[in-house]
Each structure stands twice: as structure tokens, then as C-alpha cells.
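Student: Return atomic coordinates for the entry below.
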Amino acid sequence: MTEDEEDLGFILFASHEGDWPPPGPNDCVFNGFPYDPSLLETPEARFVADHKGREWSADFTYTDEEMTVLIDMDTGWTFELKSNAGGNSWTARKGEETLSGTGQFL
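Tutor: Okay, the predicted model is just below:
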């Protein structure tokens, strides 16, 4: 989602046992597109579109306070998703460019 909580797409994680993916590498794929067509030309929506449909390896880390998902992409981007008491947020970085938004786990 964008910072204004508008849908951009979603990430599907590979099948696993338990409620959450285990620590370490887990396969994932970006999918979907914005519900609002005016978002299609935003950098955040282009990021999702450019990375959807390919499998990526997401590294999960858990602490008592936070879950972090890190994806190093061969496109030069790094995607990080954090979930903690403050909520869920994501950041994508490539060189000097930084994109960010919010999210939810279903």
C-alpha cells in the first residue's frame, strides 16, 4: 500500500507449515496492481509492476519485537518489510531512490 493506504499489489510467500514463514530464506512473488488507475504512473506502482510475476528469495528475521523481511533483487533494488508494534511498513531502495509505504499481513 502507499503511505495513504491505497492498494498497490501484494506479495505471496511460498507454502510452509505454521502461521508464518520460518526464519531464513523463503520464496515469494509480487503480484497485483493498484485499484486506482491514477496510481499506475507512480514510482511505487511501477516498482510493483517491474517486479511482479518473478520469484524472489525473501530472508525472514524475527526478534521479540519485530519481523523483518529483506529481498535483495537482481534489478538493483532492495525491498524491506517490517512488522512491529508500530505497524507494518515497507521500503524499497535503489541507489539514491527510496520508495515507501504501509502494509498489512493477511
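
Student: got the residue ranges for the strands in the protein?
Tutor: With DSSP state E, the ranges of strands along the chain come out as 10-13, 24-31, 55-62, 66-72, 78-84, 87-94, 97-102.

Student: Residue 39 is nearest to which of these?
Tutor: strand 97-102 (10.9 Å; C-beta to C-beta). Backbone N, C-alpha and C define where each C-beta goes, glycine included.

Student: Pull out the buried positions in that closest one.
Tutor: With burial defined by 16 or more other C-beta atoms under 10 Å, the residues of strand 97-102 counted as buried are 99, 101.

Student: what pairs with it, and is each one parallel or antiparallel?
Tutor: In the sheet containing strand 97-102, its partner strands are strand 87-94 (antiparallel), by DSSP bridges.

Student: from the middle of its chain, how far away would the strand it pairs with be?
Tutor: On the basis of C-alpha atoms, centre = their mean, to the nearest Å, strand 87-94 is displaced by 7 Å from the centre of the chain it belongs to.

Student: circling back to that earlier point, and the strands of the chain as JSON lines, adding mean pLDDT?
Tutor: As requested, those are exported to JSON lines (pLDDT from 0 to 100):
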{"stretch": "strand 10-13", "mean pLDDT": "89"}
{"stretch": "strand 24-31", "mean pLDDT": "93"}
{"stretch": "strand 55-62", "mean pLDDT": "95"}
{"stretch": "strand 66-72", "mean pLDDT": "95"}
{"stretch": "strand 78-84", "mean pLDDT": "95"}
{"stretch": "strand 87-94", "mean pLDDT": "96"}
{"stretch": "strand 97-102", "mean pLDDT": "95"}
